[in-house]
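K.L.:
Pasting a predicted model and its sequence here:
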Amino acid sequence: MDFSAFNFSGRHLFVAGGSSGINFGVAQAFARAGARVSLISRSADKVAAAAAQLETLGTQALGIAADVRQPDAVERALAAARERFGPIDVLLSGAAGNFLARALDMSPNAFKTVVDIDLLGSFNVARLAHAHLRKPGACVIQISAGQAFTPTPFQAHVCAAKAGVDMLTRVLAQEWGAEGIRINSIVPGPIADTEGLQRLAPTPQTMEAMAQRVPLKRLGRIEDIARIAMVLASDWGSYITGAVIPVDGGLALTGPRDFTAAAEASRRTGT
Ligand code: COA
Ligand code: NAP
């Protein structure tokens, strides 16, 4: 994929939940376009390896272990990232967890765990990052999911959490607009070769059914998400704030999905 239309040289990208999948792929695209990148995720080994991989692209990167559910750890990571690379120009917030389970099969702690990571974690990251953002000019991107607006059986926790994430986007766009901070949500569709999709479509059959459900008849690619993130973070997106943008091949138009077969397969394989 050619990202040469974008130049983020000298800019600082901070990614929450950045050590794998979509968020890491977006980080790679920004790194190729010259951005210096700070990453946080829970696993010290994963986040260090991800930062090392970004450095092979010729940029500087910093990986710090921090759980978005722990405000003190997030604050320490933000301070260290700012010390190293200066104020944050682009904040990508996408730490998340998911599993398939009916509401009646979730303990209060199961529901709370996903809400704590996806929603409270996004709040912690945005709230604490505010002091470290470049003002005016910073761009915040929250990674949401279609469950935010499609009521989806087996996904009560994610539906509730991601709906909250998008509402946070809309509120902060108003509270922070006067300071020159823009904030938007990207809503990825089913993205190939990611942990998130593997959890929702654990077999070749459920994966193919997912692709066929998408009006464009293909799974998304991480670069589909990276491209829109770069538009939002560049001058091309300078008048966009408070938007919730599906990048999903039209999946949002198709209504709730039936995860019964996927949940059964996931239960059988223990994923
Ligand atoms: N069905 C029902 N409950 C489940 C479950 C499932 N498939 N998987 C986990 N839970 C419950 C646990 O039983 C526990 O509840 P309990 O204390 O009442 O028993 C609760 O969820 C927390 O589980 P735990 O494993 O302690 O949480 P964690 O903080 O270590 O991990 C998860 C968080 C569960 C979201 C884990 O799957 C994870 O780390 N995910 C990150 C990767 C990911 O999901 N990527 C896709 C992003 S979209
Ligand atoms: P992924 O590879 O599992 O990425 C999740 C990232 O978040 C990892 O880096 C993980 O690293 C980190 N993380 C998890 N819990 C964390 C916590 N408590 N604190 C800090 N970091 C944490 O998943 P993905 O599929 O690429 O998903 C990325 C984002 O896209 C998520 O927000 C997801 O909801 C969204 N999304 C994905 C799809 C899809 O098709 N994949 C579709 C719609 C939306 P550690 O394990 O080291 O913590």
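P.N.:
In hand now; what should we look at? Ligands and ions are numbered 1, 2, ... in the order given.
K.L.:
for ligand 1, what are the nearby residues on the protein?
P.N.:
Counting by C-beta under 6 Å from any ligand atom, the chain comes close to ligand 1 at 96-99, 101, 105-107, 109-110, 113-114, 195-196, 199. Heads up, the C-betas are built off the backbone N, CA and C, glycines and all.
K.L.:
what bridges to the residue lying closest to S144 once chain neighbours are set aside?
P.N.:
Closest residue in space to S144, ignoring its immediate chain neighbours: S185 at 4.3 Å, by C-beta to C-beta, 6 or more residues apart in numbering. Beta-bridge pairing for S185 (DSSP bridges): Q142, V244.
K.L.:
Now do the helix ranked longest in the chain: which elements does it pack against?
P.N.:
Identified as the longest helix of the chain according to DSSP state H is helix 156-176. Using 3 or more C-beta pairs under 8 Å, 6 or more residues apart in numbering; DSSP states H and E as the contact criterion, the secondary-structure elements in contact with helix 156-176 are helix 108-114, helix 121-129, strand 139-143, strand 182-188, strand 244-247.
K.L.:
Sort out which residues of the first one are buried, please.
P.N.:
Buried residues in helix 108-114, defined by neighbour count with 16 or more other C-beta atoms under 10 Å: 111, 113-114.
K.L.:
Who are the packing partners of that helix?
P.N.:
Using 3+ C-beta pairs under 8 Å, 6+ apart as the contact test, the elements touching helix 108-114 are helix 156-176.
K.L.:
How about the contacts made by the residue of the stretch 151-271 of the chain at minimum distance from ligand 2?
P.N.:
For the stretch 151-271 of the chain, the residue closest to ligand 2 is G196, as judged by C-beta to the nearest ligand atom, at 2.5 Å. Under the criterion of C-beta atoms under 8 Å, 6 or more residues apart in numbering, the neighbours of G196 are 21-22, 96, 98, 145.
K.L.:
now the residues you listed: which count as buried?
P.N.:
When burial is judged by neighbour count using 16+ other C-beta under 10 Å, the buried members of the contacts of G196 are 21-22, 96, 98, 145.
K.L.:
Using a markdown table, please lay out these together with secondary structure and pLDDT.
P.N.:
Below are the buried ones among the contacts of G196 laid out as a markdown table (DSSP: H, G, I helix; E, B strand; the rest coil; pLDDT from 0 to 100):
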| residue | secondary structure | pLDDT |
| --- | --- | --- |
| G21 | helix | 98 |
| I22 | helix | 98 |
| A96 | coil | 98 |
| N98 | coil | 98 |
| A145 | coil | 98 |
